[in-house]
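Participant: with the sequence up front, the predicted model follows.
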Amino acid sequence: MKDKWLKGTVILTVTALLSKILSMLYKVPYQNRIGDAGLYAFQQVYPLLGIYTVLSSVVLPSIISELLLTHQYNEQVKSQIKRLLWIFSVSAFALLFLGSDLIARLMGDRSLGAAIRWVGMAYLLLPHVSYLRGVFLTRSETMARAGISITIEQLVRVLMILLAVGQFGHLHVSRIAEMAYLLGLAGPVAGILYLGAFKQGDEPQQFIRKKFRLRFIRKTGYLFLSAGILTIFQLIDSFVVFNSLLVGGLGNLEAMVQKGVFDRGFPIVQAATFFIGAIVSSTLPQLVGAENEKQKKQVFNYSLFLVILLSVPGTVGLYLVMGSLNTALFEDMLGTGTLQIMSLQVLFFPFIVLTAAVLQQEERYGDMVVSVLAGIFIKLIATPLLTESMGIYGAALSSVLALGVIALINLVKFRRMLVRQSFYNLLKVGFATLCMWLAVDTLRTILPGVLESVSGRTGHVLTLAILTLAGVLAYGLVMLLFILTTQTKADLSKKRRRKKQATRKRARKTT
């Protein structure tokens, strides 16, 4: 039974990674074909769709599956879940559809109203797709279908958006965004059709025992705050950054282009933090099975080590290669400094998600909300001030500051969970990352002369590949050396303990 659940979890992790990769990749041809002003128009509205995506793929299915398992598919519970889903969905649709022009004006661009209305239509599909995914998450043999449906939805949406770019690329940027969101509705429809092709079943065949019950609306709010913090920040940026650039003295078209350059960073950060879902998925079951506080500390600190192991070199590596990555993806180096600042989010975001997940598992919702709301407050205050004075560089800095505040608050809350070994692990990762930085930085000075004959985008793609490979090898070899050294010391310590025990036994026999 455990093997079946583990297999389903692995498939969910893989499909989540594929969805994030697809989410990043389609924005590259979109920007290449339409330009930064076109990417601005699409990304300005995207956070509203991002909220739907987080709710339909992560938050609501998780809560629905938990409630269905807890109450064993009680008819009243199912009816209440569906009623609440429809109330929320219709309300969200009405807000976006009827208030689209007002929202567009608040964003600073009235031409985006039609695109917002089509995003509102997606929320009418939310009850169907969320409930079906929640049902399939209750059974080990059907868990994978929930993940596959997410990938199908994203794949179809990507294809439809690219079709819109190809067919309507000659229109105004806001009109292209409108058609992209209209055709993109085929994504959730495809997901629903896929899930609807399987028998739903009234009762789950296997149950995960739950020791607690939570209110649907409260649980949804808590889970969205942690899982959707980057989407919340992006939504704030949609309302604040463009308007602040105008206040800062930029013209309308120039502000559009600058916001489009700024929006290049979000899919890169998303793709760079894909690993946190897998870490959290493996951590929570172990925490539930922990018999005492000591075991909980061991589980948390091991997961923290994995986060540090990947996020620290990921942040530094992304910072170092951002110039080549920016040109390889978007054909120029505009905003490279801004994107380098945005890459620092990779350092904080995985730690925030891990600690938030643990706080939820321990039902410490108040602690989680305090840190997230503090970060949102910092973001709301800092974004207009920094953007008006520093442009998109300041906007990127505001997100990093806000995430840093959340991470610091959570670190203080978890200080008693930390063990000395975690500090040593940080030092090891830091040293290995330093070695990686030296290797990559050295190559960055040599490669331009070596690849002198390869110019343009191809040269940057080749440079990016070489730098990435060199960084991975340098970091991996140093960390492998640390791991082998640690293992050797552990083996020697075991041998010494065994010798001491054997010596004591012989001494007892002689006496």
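Facilitator: Great, that's in hand.

Participant: please list all residues in contact with Ser130.
Facilitator: Ser130 is in contact with Leu55, Ser56, Leu60, Pro61, Ile64, Leu85, counting by C-beta atoms under 8 Å, 6 or more residues apart in numbering. C-beta coordinates here come from the backbone N, C-alpha and C atoms, glycine included.

Participant: Asp101: how many residues sit nearby?
Facilitator: Residues lying near Asp101 (other C-beta atoms under 10 Å) number 14.

Participant: hmm, it is touching Asp109, no?
Facilitator: No: at 11.1 Å, Asp101 and Asp109 do not qualify as touching, with contact defined as C-beta atoms under 8 Å.

Participant: which parts of the stretch 51-200 of the chain are helices?
Facilitator: 60-70, 75-98, 100-107, 113-122, 126-136, 143-168, 173-184, 186-196 (DSSP state H, counting those that start in this stretch).

Participant: those: which one's closest to Gly449?
Facilitator: Gly449 lies closest to helix 143-168 among the helices of the stretch 51-200 of the chain, at 37.8 Å (C-beta to C-beta).

Participant: contact partners for the residue nearest to Ile103 when sequence neighbours are not counted?
Facilitator: Using C-beta to C-beta, 6 or more residues apart in numbering and skipping the chain neighbours, the partner closest in space to Ile103 is Ile116 (5.5 Å). Residues in contact with Ile116 (C-beta under 8 Å, 6+ apart) are Val45, Leu48, Leu96, Ser100, Ile103, Ala104.

Participant: now swap in Met390 and tell me
Facilitator: Leu397 are the contacts of Met390 under C-beta under 8 Å, 6+ apart.

Participant: any chance of the contacts of Ile116 in JSON lines, with pLDDT and distance to Leu481 too?
Facilitator: Listed next are these as JSON lines, based on pLDDT from 0 to 100; distance: C-beta to C-beta, whole Å:
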{"residue": "Val45", "pLDDT": "94", "distance to Leu481": "49"}
{"residue": "Leu48", "pLDDT": "94", "distance to Leu481": "48"}
{"residue": "Leu96", "pLDDT": "95", "distance to Leu481": "54"}
{"residue": "Ser100", "pLDDT": "94", "distance to Leu481": "57"}
{"residue": "Ile103", "pLDDT": "95", "distance to Leu481": "54"}
{"residue": "Ala104", "pLDDT": "95", "distance to Leu481": "56"}
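
Participant: which of the residues you listed tops the neighbour count?
Facilitator: Most surrounded of the contacts of Ile116: other C-beta under 10 Å gives Val45, at 28 neighbours.

Participant: that one sits in which helix or strand?
Facilitator: In the assignment (DSSP states H and E), Val45 maps to helix 36-54.

Participant: quick check: angle from that helix to helix 186-196?
Facilitator: Between helix 36-54 and helix 186-196, the angle comes out at 30 degrees (axes from the mean of the first three to the mean of the last three C-alpha atoms, to 10 degrees).

Participant: quick one: closest of the helices of the stretch 51-200 of the chain to Leu22.
Facilitator: Among the helices of the stretch 51-200 of the chain, helix 143-168 comes nearest to Leu22, with 4.8 Å by C-beta to C-beta.

Participant: also compute the angle for that closest one relative to helix 60-70, please.
Facilitator: Calculated by the same axes, to 10 degrees, helix 143-168 forms an angle of 160 degrees with helix 60-70.

Participant: returning to that earlier point: among the contacts of Ser130, name the buried ones.
Facilitator: Leu55, Ser56, Leu60, Pro61, Ile64, Leu85 (16 or more other C-beta atoms under 10 Å).

Participant: how about the nearest residue to the last one, chain neighbours excluded?
Facilitator: Counting by C-beta to C-beta, 6+ apart, the nearest residue to Leu85 once its immediate chain neighbours are dropped is Pro127, at 3.9 Å.

Participant: list the contacts of that neighbour.
Facilitator: Lys82, Leu85, Trp86, Ser89.

Participant: do Ser343 as well
Facilitator: Counted by C-beta under 8 Å, 6+ apart, Ser343 has contacts Gly265, Ile268, Val269, Ala272, Thr315, Leu318, Tyr319, Met322.

Participant: ok, it to Leu418 distance?
Facilitator: Ser343 sits 26 Å away from Leu418, going by C-beta to C-beta, to the nearest Å.
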